[in-house]
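[1] Model the structure of this input:
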Amino acid sequence: MFRLRPHVNLNGIVNISQGIEEVGNKIIEIIVKEKFKYISLEMYPGVQPTALIEYLQALIPEALIVNTDDLFISPKYISQQIQDDLTTDEVFGRFSHKKFEDFLDKRKIEEFKKMIMGVDRPVIVYGVCASEIIKHDILIYLDITRLEIQERFRENYKNWKGYNENDFNEKLKRAYYFEWPAGKEVKDRVLPILDYYIDMKISNNPKMITGDDFIEVLGEFISQPFRLVPFFQPGVWGGQWMKENFNVGKEEDNLAWCFDGVPEENSIIAKSNQREIEMPAENLLITHPEELLGRKVYGQYGKDFPIRFNYLDTMGGGNLSLQVHPTLDYAYRNFGAKYTQDESYYIMDSKEGAKVYLGVKDNINKNELINALEEAQNTGVFDEEKYINILSVNKHDHLLIPGGTIHSSGKDCVVLEISSTPNRFTFKLWDWGRLDLDGKPRPISIHHGKHVIKTEFNTSFVAEELYNNENVITKENKYTEVQTGLHELEPIETRVLTLSKPIHQSTMNSVNVLKIVEGESAQVVSIDGSFNPTDIYYGETFIIPERIKNYILKPINGFKEVKIIKAFIR
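    Below you'll find the model as predicted:
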């Protein structure tokens, strides 16, 4: 039973206002009752507030309502100022250090402040940087998930203060390297002090809670094991396994990806009195980083979640692109990334004859390899058997992929990809001469990849250090614990736990990310009774905050054996 809308039940302790009328009436009631004059509706870039603003204006027509978009410098100038960060690369940019407030028009701000000084009526300022522009009596934050923003990009919505962006990848690049980091800066300042929080995932059906309830909701999540809301996407190489096993995406030709363990991308849902409020899981990192990650991991990674779980499904599909991730040095110098996408492939399922491409053949000349890859872009032919190490794989094999390792999953596999969170630094080297779902070639990045490919990660190295490099930690009646990775060059540790009895586990001073990879179900049980037993099912990713410290994993359904993979930062 793979749950598509997992939630934490708040048992009625939080009141959720829902809908334009209910939320709008509540806001007006607060303004009138408390005689508030200056109201900030701060927003994450990508929120569409038009319906709510129009309702507020109709209810309180005397109010002066100002959109912060009118108080910034021109979109063209903003685009020019961030171009060095976005670069001319088709896919990759550098994480910008610029903030939204850097682009406020000082002259317009001064004129605005002079104008409102003598105004004897409510002043409602909404939009990005609303909380910076006026000294507010009440602060309301309007939020949205990154997934929803990307869906809107596909529907021809522009970026915040967008200028000429039309292509989806162009929009996503601007958001990823500028808007989302800048939005996180605002959240870091605003979330701890907001008076009300509004979920704006559905523009005409907002959901609002008080600031105190917002903190209560997040506190519930970091006090117990929890799941993120998964999302699925089709791809040119996608398969059928997730559709069949998780009963999802039946309307799609295939499903290639499932992201169900990426807090920067996924959302969380809290349910109270039959109402739900959904918000980016990133809010947990911003408000409770040390409790979620642990002091050690927070010290290393800051307010970033360092472990990612996602599925790659090629069952009945095709090969992934042949690709490589950057080394840390390259990722930092070229993109400003604090860490790179070291990863591994855990084989959840496979058909007979399934293969994975990992590393290069022994004695390969790097220049010759690069020339062959570049020539293949013109000829449509690349001799992968000459250059690339190809491995037969079976269910529960584990392959380690430190940065610099050429790799790809072949067809007829289901891969649990366990990696560091940066999820955009994939340098495609060869895409088998095919077009993407939009009918265009997917961008190839040999110009980056050639600087990080490690030909010393060859057949011999792969066999010795990257392929099923296992170490038995515990072997006893009804319980085995095996260390399966990751490589010494990677910061993540993984353990495969096979159990048919309750076992005690430690978080190992790190947030834990776990998934049942064999068997039906299990429970996470509190040792001190601080949280209720949490049921987990096959294929589901769940997160255990470091603050829990110790917990029990318990098979259910008659103590049937389950196999669980556990990841943490060592």
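[2] going forward, measure contacts between C-alpha atoms and count neighbours the same way
    Will do.
[3] I'd like to know how many residues surround the closest residue to residue 546 other than its chain neighbours.
    Computed as Cα to Cα, 6 or more residues apart in numbering, the closest residue to residue 546 that is not its neighbour in sequence is residue 511, at 4.5 Å. Residues lying near residue 511 (other Cα atoms under 10 Å) number 28.
[4] any idea how far residue 308 is from the residue nearest the centre of the chain?
    Nearest to the geometric centre of the chain sits residue 265, at 2.5 Å (Cα atoms, centre = their mean). Distance of residue 265 to residue 308, given as Cα to Cα, to the nearest Å: 10 Å.
[5] What residues does residue 554 make contact with?
    Residue 554 is in contact with 500, 501, 502, 503, 522, 523, 524, 525, counting by Cα atoms under 8 Å, 6 or more residues apart in numbering.
[6] burial of residue 475, as a residue count?
    11.
[7] Next, the distance between the ends of stretch 388-408.
    10 Å.
[8] what distance separates that stretch from the centre of its chain?
    Its chain's C-alpha centre and that of stretch 388-408 lie 23 Å apart, by Cα atoms, centre = their mean, to the nearest Å.
[9] Show me the contact partners of stretch 454-464.
    358, 359, 360, 361, 362, 364, 365, 366, 389, 404, 405, 406.
[10] Of those, which is the nearest to residue 39?
    Nearest to residue 39 among these, counting by Cα to Cα, is residue 404 at 50.8 Å.
[11] ok, residues contacting stretch 85-95?
    Under the criterion Cα under 8 Å, 6+ apart, residues 96, 169-170, 173-174, 176-178, 181, 334-337, 424-425, 443 lie in contact with stretch 85-95.
[12] For those residues, which single residue is the most surrounded?
    residue 174 (25 neighbours).
[13] isn't there a helix covering it?
    Yes: judged by DSSP: H, G, I helix; E, B strand; the rest coil, residue 174 forms part of a helix.
[14] And it, how far from residue 265?
    For residue 174 relative to residue 265 (Cα to Cα), the value is 16 Å.
[15] for residue 52, same thing?
    On the measure of Cα to Cα, residue 52 and residue 265 end up 25 Å apart.
[16] Surely residue 452 is in contact with residue 425?
    No: between residue 452 and residue 425 there is no contact under Cα atoms under 8 Å: 11.9 Å.
[17] which neighbours do these two share?
    Taking Cα under 8 Å, 6+ apart as the criterion, residue 452 and residue 425 both touch 325, 326.
[18] And the average pLDDT for stretch 16-29 is what?
    For stretch 16-29, mean pLDDT rounds to 97.
[19] er, stretch 65-78 actually
    97.
[20] what about residue 317, which SS state?
    Assignment for residue 317 (three-state DSSP): coil.
[21] quick one: contacts for it?
    Counted by Cα under 8 Å, 6+ apart, residue 317 has contacts 237, 238, 239, 240, 254, 411, 412.
[22] So which residues of the stretch 1-150 of the chain form helices?
    Under the criterion DSSP state H, counting those that start in this stretch, helices of the stretch 1-150 of the chain are mapped to 20-34, 50-59, 75-86, 106-117, 130-133, 146-154.
[23] now, of those, which is deepest in the fold?
    helix 130-133 (a mean of 21; mean count of other Cα atoms under 10 Å).
[24] got a list of contacts for that one?
    40, 41, 42, 43, 68, 101, 109, 139.
[25] which residue sits farthest out from the middle of the protein?
    Most remote from the centre of the chain, using Cα atoms, centre = their mean: residue 118, at 45.6 Å.
[26] Excluding covalently adjacent residues, which one is nearest to the residue nearest to the centre of the chain?
    Residue 265's closest residue in space is residue 146 (Cα to Cα, 6+ apart), at 6.0 Å.
[27] wait, isn't that neighbour in contact with residue 279?
    No: counting by Cα under 8 Å, residue 146 sits too far from residue 279 to count as a contact (9.9 Å).
[28] Tell me where the model's unsure across the stretch 51-200 of the chain.
    Within the stretch 51-200 of the chain, not a single segment meets pLDDT under 70.
[29] one step back: what about the residue nearest to the centre of the chain, is that helix, strand or coil?
    Classified using three-state DSSP, residue 265 is coil.
[30] pretty sure it contacts residue 147?
    Yes: taking contacts as Cα under 8 Å, residue 265 lies within contact range of residue 147: 6.6 Å.
[31] What does residue 442 show for phi and psi?
    Note on residue 442: its backbone torsions stand at phi -80, psi 140 [degrees, to the nearest 10].
[32] That one: neighbour count?
    With other Cα under 10 Å as criterion, residue 442 counts 17.
[33] quick one, what contacts it?
    431, 435, 436.
[34] and the second one, what is it in contact with?
    Each residue near residue 435 by Cα under 8 Å, 6+ apart is listed here: 236, 441, 442.
[35] State the phi and psi torsions of the first one.
    Main-chain torsions, residue 236, degrees, to the nearest 10: phi -60, psi -30.
[36] pLDDT at it, what is it?
    97.
[37] And for it, the neighbour number?
    Neighbour tally, residue 236, other Cα under 10 Å: 22.
[38] do the same with the second one
    By other Cα under 10 Å, the residues close to residue 441 number 12.
[39] which element is it on?
    Using DSSP states H and E, residue 441 sits within no helix or strand.
[40] Excluding sequence neighbours, find me the nearest residue to it.
    residue 435 (4.5 Å).
[41] Residue ranges of each domain in the chain, please.
    Listed domain ranges for the chain are 8-221, 231-466, 471-569 (source: automatic domain parsing).
[42] would a markdown table of those with distance to residue 2 be doable?
    Shown next, in a markdown table, are these (distance: least, Cα to Cα, whole Å):
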| stretch | distance to residue 2 |
| --- | --- |
| domain 8-221 | 16 |
| domain 231-466 | 6 |
| domain 471-569 | 6 |
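[43] Mind checking those domains for the one nearest to residue 1?
    Taking the domains of the chain one by one with Cα to Cα, domain 471-569 is closest: 6.0 Å.
[44] on that earlier part again, would you confirm that the residue nearest to residue 441 belongs to a helix?
    No: applying three-state DSSP, one finds residue 435 to be coil, outside a helix.
[45] Understood, closing this out.
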